[in-house]
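**Student:** Take this sequence and fold it.
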Amino acid sequence: MRRRSAVLSFCLLALIGSVVADNTTVTLSNSLPSGAQPLTSTHLSFSIEQDRWPGRADWVGTTERNQFTFNALTNLESLTGSPPKIRVGANSEDHTTWSPTVTINEDEFPPPSSITPYPEATKITVGDGYYRLVKFLPRGTQMTWGVNLGADNATNAVNMAKSILRAFASSEVKESGVELDLIEVGNEADLYGNNGLRNSANWTEADYVADWSAIAGAVVEATGIQGGSGVGIQGCAFAGQGFTPSGVFNLGILSTTAGKVIKQISQHRYSGAFCSGGNFALASFMSKDSVRSNLTVFSSDVEATIQKGFPYVLGETNSIACHGAPGVSNTAGAALWVIDYTLQAAVQGMVETFFHEGIGFKYNFIQPISLNRSTVDGTPLNPPQPALVQPAYYAAILVSHAVGKTGSAQISEIDISEPNVSGYAIYEHGTLKRAVFINLNAWLTSSTGTRPSVHISFAGLKGSSSATVSRLAINHADDIANSTFAGQSYETPDALVSGQQVVQKIKLSNGVDISSTEAILINF
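**Tutor:** Just a heads-up that it's a prediction; the model follows:
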């Protein structure tokens, strides 16, 4: 049974023990500003590495549900009214072969290293039972499944797609209420010329369109995918901007057999790469300007996609590529980055953000099984680390609260003069309901003195004189545990919330304080 807790209201006007270093006034409108964007109930969703779906790396379970995963996802559903969407694919998508003799899956993994303690499989062979495991996800989950384009084998791609469709037509999956939304043919095909999946000398955008059209077309013809309100195709799924939506549109991809049933356009984004190791400064990563520059590079792609009538998503994203960087991706500071990044993506017109997860990845929101070696450097763990949520999961909790349950939320960025403080206003049915503020200034374990804060004063509001504040409380930006949201913890053996909810009541005329390395949600 889900734990329940009472709401405790505290009439606090300022954070105890903080020193107000800066003052800023923000103007909020009670009514919806022009240019506000939809904030969908599934805006924060997840991408899962395909090799890590079942078996020894167990996200959903094989013979029974992984209850930890289920609880972590259901927590978010309880706040938004819809479970996060799930995309299964990524790099291992293009190393997967379907076999009629395999029941679920057989994987081959390279040895771990200190940089990559949990490497991706180099070969995955799957059977029909692999796809039927979707029955263990929360009811109503909408899924995108990846199909192998990298092998350049239309027969295998068709076999995979047929197996996926059979799974979702089975009685057990139908009864679970989990739905297939999209088929994605190929992951980050713009990189094929560099990763050995195609000849780099002649792998161009035009070659991709021809190749994809042939294999995805065979998939569509063999399965009868029709798009519209039914199962469709996810287009692009590019890693960078070597290939772009505009480019493939201009090359006629939408007039091909598969292109005609594209329902959505996806691109991927990371803010750095740890593929060969390296040092990343957390304080520099927690940057308002960096968040915006990493997203606005896609502005023309978003515009071109919307002009064609498609929704645009970040179909795979997270902090730092190649499973994250230690001391950054696995920290509480990264949780603040996720909040700003996710909400800024919505402001930029990106309908959903799919945060990539694996087993043992440093940037995971959820580590769904016990791990026997360190995610940081691969050293043995004795005893093993149990399943847990990492700091980024608190970002998902706050964002889900901000989205709300009505399905009608819209978002607008708040103009704030502070260079490293972000703010967003959320409206429902044209009326201001909530606001999020994020103080990205890093308070580290090495920081000395008194922790600074910013005082925010409100202008432009009419009507209500009070509001409530829920805080994402973080001791230090480089902590890897012990955060809370509204006084509650999700760092429990079953991922269910623990502790009494603590909500601060404020007078709007007095404003609110927000400490360095803190985020707050205001309910008006």
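
**Student:** can you list the residues that contact stretch 301-314?
**Tutor:** The contact list for stretch 301-314 (CB atoms under 8 Å, 6 or more residues apart in numbering) reads 235, 241, 244-246, 249, 254, 262-269, 298, 345, 348-354. Backbone N, C-alpha and C define where each C-beta goes, glycine included.

**Student:** Sort out for me which of the residues you listed are in strands.
**Tutor:** If you go by DSSP state E, the contacts of stretch 301-314 have 235, 262-269, 352-354 in strands.

**Student:** ok, the residue most central in space within the chain to Val403 distance?
**Tutor:** The centroid of the chain falls nearest to Phe355 when counting by CA atoms, centre = their mean (2.4 Å). Per CB to CB, to the nearest Å, Phe355 is found 15 Å from Val403.

**Student:** now do Asn30
**Tutor:** Counting by CB to CB - Asn30 and Val403 are separated by 20 Å.

**Student:** Of these two, which one has the most company?
**Tutor:** Neighbour totals were compared for Asn30 and Val403, and Val403 leads with 27 against 15 (other CB atoms under 10 Å).

**Student:** Quick check: phi and psi at the residue lying closest to that one once chain neighbours are set aside.
**Tutor:** Excluding the flanking residues, the one nearest Val403 by CB to CB, 6 or more residues apart in numbering is Thr80, at 4.9 Å. Here is the backbone geometry of Thr80 (degrees, to the nearest 10): phi -110, psi -20.

**Student:** wait, what's in contact with Thr80?
**Tutor:** Counting by CB under 8 Å, 6+ apart, Thr80 has contacts 41-42, 400, 403-405.

**Student:** want to throw these into JSON lines with secondary structure?
**Tutor:** Shown next, in JSON lines, are those (DSSP: H, G, I helix; E, B strand; the rest coil):
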{"residue": "Ser41", "secondary structure": "coil"}
{"residue": "Thr42", "secondary structure": "coil"}
{"residue": "Ser400", "secondary structure": "helix"}
{"residue": "Val403", "secondary structure": "helix"}
{"residue": "Gly404", "secondary structure": "coil"}
{"residue": "Lys405", "secondary structure": "coil"}
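
**Student:** Most neighbours among the residues you listed, which one?
**Tutor:** Neighbour max across these (other CB under 10 Å) = Val403, 27 neighbours.

**Student:** from memory that residue sits against His43, does it?
**Tutor:** Yes. Shown here, Val403 and His43 form a contact pair, counting by CB atoms under 8 Å, at 6.1 Å.

**Student:** where does the residue nearest to Val403 sit relative to Asp211, distance-wise?
**Tutor:** 38 Å.

**Student:** circling back to that earlier point, so the residue nearest to the centre of the chain touches Leu76, yeah?
**Tutor:** No. Taking contacts as CB under 8 Å, Phe355 lies outside contact range of Leu76: 11.6 Å.

**Student:** joint contacts of the two?
**Tutor:** Common neighbours of Phe355 and Leu76, counting by CB under 8 Å, 6+ apart, are Leu44.

**Student:** so when I look at Thr155, I'm seeing a helix, right?
**Tutor:** Yes. With three-state DSSP as the criterion, Thr155 is part of a helix.

**Student:** and it, how many neighbours?
**Tutor:** Residues near Thr155, counting by other CB under 10 Å, number 12.

**Student:** if I pick it, what's in contact with it?
**Tutor:** No contacts exist for Thr155 under CB under 8 Å, 6+ apart.

**Student:** still on that earlier bit, would JSON lines of the contacts of Thr80 with distance to Asp494 and pLDDT be doable?
**Tutor:** Output for those, formatted as JSON lines (distance: CB to CB, whole Å; pLDDT from 0 to 100):
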{"residue": "Ser41", "distance to Asp494": "24", "pLDDT": "98"}
{"residue": "Thr42", "distance to Asp494": "24", "pLDDT": "98"}
{"residue": "Ser400", "distance to Asp494": "18", "pLDDT": "98"}
{"residue": "Val403", "distance to Asp494": "24", "pLDDT": "98"}
{"residue": "Gly404", "distance to Asp494": "25", "pLDDT": "98"}
{"residue": "Lys405", "distance to Asp494": "23", "pLDDT": "97"}
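
**Student:** what's the closest of the residues you listed to Ile215?
**Tutor:** Nearest to Ile215 among the contacts of Thr80: Thr42, at 28.2 Å, using CB to CB.

**Student:** isn't Gly193 right up against Tyr208?
**Tutor:** No. The criterion here is CB under 8 Å, and Gly193 misses it with Tyr208 at 9.4 Å.

**Student:** These two: who's more crowded?
**Tutor:** Higher neighbour count among Gly193 and Tyr208: Tyr208, with 25 against 18, using other CB under 10 Å.

**Student:** Surely the more buried one is in a helix?
**Tutor:** Yes. Counting by three-state DSSP, Tyr208 is located in a helix.

**Student:** ok so, going back, and of the ones in strands among the contacts of stretch 301-314, the nearest to Val421?
**Tutor:** Closest approach between the ones in strands among the contacts of stretch 301-314 and Val421, by CB to CB: Thr353, at 21.2 Å.
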